[in-house]
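Q: structure of the sequence below:
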Amino acid sequence: MVKKNSVLIISLSLCFAFVLFGILNPVKLGEFSSNFLIFAMDYFGWFYILSASAFVIICLYAAFSKYGNIRLGKDTDKPEFSMGSWIAMLFSAGLAISLFFWGVAEPVMHYMTPPVGDGQTPEAAKSAMSLSFFHWGLHSWGTYAIVGLIIAYFHHRKKYPPLINYAFRPLLGDRVNGPIGKLINILTIFAIISGLTTSLGMGAKQMSAGLNYVWDIPNTSVSQILLISILTIMFVTSASIGLDRGIKNLSNFNIILAVVIMVVIFIMGPTKEILQIFVAGTGEYLQNIVGMSLRMEPFLPENTWLSSWTIFYWGWAVSFATFVGLFVARISKGRTIKEFIIGAMLVPTLATIVWYSVFGGSALHFIQNLGETELANQVMDDVTTAFFYFLQYFPFASILIVLTIVSLIIFFVTSADSTVFVLGMLSEETSDPTTKSKVLWGLVIAGVAIALLLSGGLSPLQTVSVAAGLPFTVVMLFMCVSFFKSLRQEVRLQKTNVDKTEDSDSESA
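A: Predicted structure coming up:
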């Protein structure tokens, strides 16, 4: 029994030890987090840069090569969910909270302190938009998509359990059931928890700041812990209801709510400038994507911009990709590889670019063209209230802020209940985990998020994501090798069967 549950026992033990350490000695955890972040950025930044670009190339090749028409399941399987519900669920499980957190803040921060050149200029504004598109575009969604594609292929088509270790069967054979396979799944669980708690920690800080901003509710560690506790009850309840009634319905509703907020800003805001920013920013992004993808600063050792932004994002994306990929794989049966990549990477990238054009573009227009420097000062002073302060520039601001808080809460719930669903899959080795497992992992996630917030806010959250992302990046690269080995074997077998059929028909004739 212990051997069967070894992955669960070891993973839980590590998580509980981490939570205990964070609660008993939060200062020490914060110091360790800071030192490790510097180490990871200095020595492995190049590895994150190359890997993130590789995942985009691999996704595009898989979609538009001879493998693109292979179905994730039997050749006769049809998709379980409609295209709209499918995209809503994968988007809600992915970057939803982060888009609210950074939608206004990131373009403004790049505008104020760009990586190259002077800030607060038209050139800086143009660069800020393309950098935001870059950080939240193809590279992030490609990292999520490749994990989801590989797991969906092995689970739905090869009928393996929905676990990361089984994606290595073409390379490892039966050893996927041994110590190596268990180590892979332990790394997966740790990466999932670290990636999610980063996003949820940021979401809790932003929601707490929003409640303080609107209703003057104290924004303290106690209030943030209380908020996480309440939200934990909500997302565990949602996960317990089930995939169809819980996660799908919440995701569909919240995508509509987020789109409504965005459309209101688009119509009431600087519509003409938003459209211009969308076109110009997209052009700048596509024109410079290769240079941005491979950008390093070997001759500027004191330049921390790259490590604080791009490299951190790629580490975070890898950590986040574990649960997003596993969840998206679960809901993607019946789609072809090409459909999957278009729906899981290209469509969300376009949607993200539109989002940043509306919110970040409007903020930069107010600051650069209309001289609203107080908005820039507010963003630089407190990133958690940036989005709410921005909404004050529009009619019906109080209504928009309330709708945003509601949307944040639902996105928080859908991301978290997707995660406990996936963690239940991993720990029980099933595609339909029990309620008991979901509740257990919900409590663990809440504990880790609280421990990290107590140890110093965003910095420890960022560090844990980057740290967990480092070993799992290696896992993902070998997953890609295993995936294409299996694809080649399948295509070769299909060709052999076709040749035999043709020879048989010729002999009969």
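
Q: quick check: mean pLDDT across stretch 402-421?
A: Over the span of stretch 402-421, the pLDDT mean works out to 79.

Q: over to stretch 164-176?
A: Averaged over stretch 164-176, pLDDT sits at 92.

Q: tell me the SS of residue 80?
A: With DSSP: H, G, I helix; E, B strand; the rest coil as the basis, residue 80 sits in coil.

Q: give me phi/psi at it?
A: Summarising the backbone geometry of residue 80 under the convention degrees, to the nearest 10, its torsions are phi -80, psi -30.

Q: swap in residue 336?
A: Backbone torsions of residue 336, given as degrees, to the nearest 10, read phi -80, psi 160.

Q: just grab the bridge partners of it for me.
A: With DSSP bridges as the criterion, residue 336 is bridged to residue 71.

Q: surely it touches residue 71?
A: Yes: with the criterion set as C-beta atoms under 8 Å, residue 336 and residue 71 qualify as a contacting pair; they are 5.2 Å apart. Yep, even glycine has a C-beta here, placed from its N, CA and C like the rest.

Q: joint contacts of those two?
A: Residues touching both residue 336 and residue 71 do not exist when contact is defined as C-beta atoms under 8 Å, 6 or more residues apart in numbering.

Q: residue 415 should be in a helix, yeah?
A: Yes: assigned with three-state DSSP, residue 415 falls within a helix.

Q: ok, now how distant is it from residue 487?
A: With distances defined as C-beta to C-beta, to the nearest Å, the gap from residue 415 to residue 487 amounts to 31 Å.

Q: which one of those two has more residues nearby?
A: Neighbours were counted for residue 415 and for residue 487 using other C-beta atoms under 10 Å; residue 415 has more, 27 against 19.

Q: ok, that one to residue 409 distance?
A: Relative to residue 409, and taking C-beta to C-beta, residue 415 is found at 11 Å.

Q: what is in contact with those two at once?
A: Counting by C-beta under 8 Å, 6+ apart, residue 415 and residue 409 have no common neighbour.

Q: can you give me the helices for the stretch 301-450 of the chain?
A: Under the criterion DSSP state H, counting those that start in this stretch, helices of the stretch 301-450 of the chain are mapped to 305-306, 312-330, 337-341, 347-364, 373-381, 386-391, 397-428, 435-454.

Q: list the buried ones in the fourth one?
A: In this case it means helix 347-364. Neighbour-count burial for helix 347-364 flags 347-349, 351-364 (criterion: 16 or more other C-beta atoms under 10 Å).

Q: please identify the helix or strand for the residue lying closest to residue 89 once chain neighbours are set aside.
A: For residue 89, the nearest residue in space outside its immediate sequence neighbours is residue 251; the separation is 4.5 Å by C-beta to C-beta, 6 or more residues apart in numbering. Secondary-structure element containing residue 251, defined by DSSP states H and E: helix 249-268.

Q: would you mind writing the CA trace of that helix as CSV?
A: Output in CSV follows, covering the C-alpha atoms of helix 249-268 (Å, rounded to 0.1, in the frame of the first residue of the first chain):
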residue,chain,number,x,y,z
ASN,A,249,-20.2,26.4,-16.5
LEU,A,250,-18.0,28.7,-14.4
SER,A,251,-15.5,29.0,-17.2
ASN,A,252,-18.2,29.8,-19.8
PHE,A,253,-19.8,32.4,-17.6
ASN,A,254,-16.5,34.1,-16.7
ILE,A,255,-15.1,34.3,-20.2
ILE,A,256,-18.3,36.2,-21.1
LEU,A,257,-17.9,38.5,-18.1
ALA,A,258,-14.3,39.2,-18.9
VAL,A,259,-15.2,39.9,-22.6
VAL,A,260,-17.9,42.3,-21.5
ILE,A,261,-15.5,44.2,-19.3
MET,A,262,-13.0,44.4,-22.2
VAL,A,263,-15.7,45.5,-24.8
VAL,A,264,-16.9,48.2,-22.4
ILE,A,265,-13.3,49.6,-22.1
PHE,A,266,-12.9,49.3,-25.9
ILE,A,267,-16.1,51.3,-26.6
MET,A,268,-15.8,53.9,-23.9
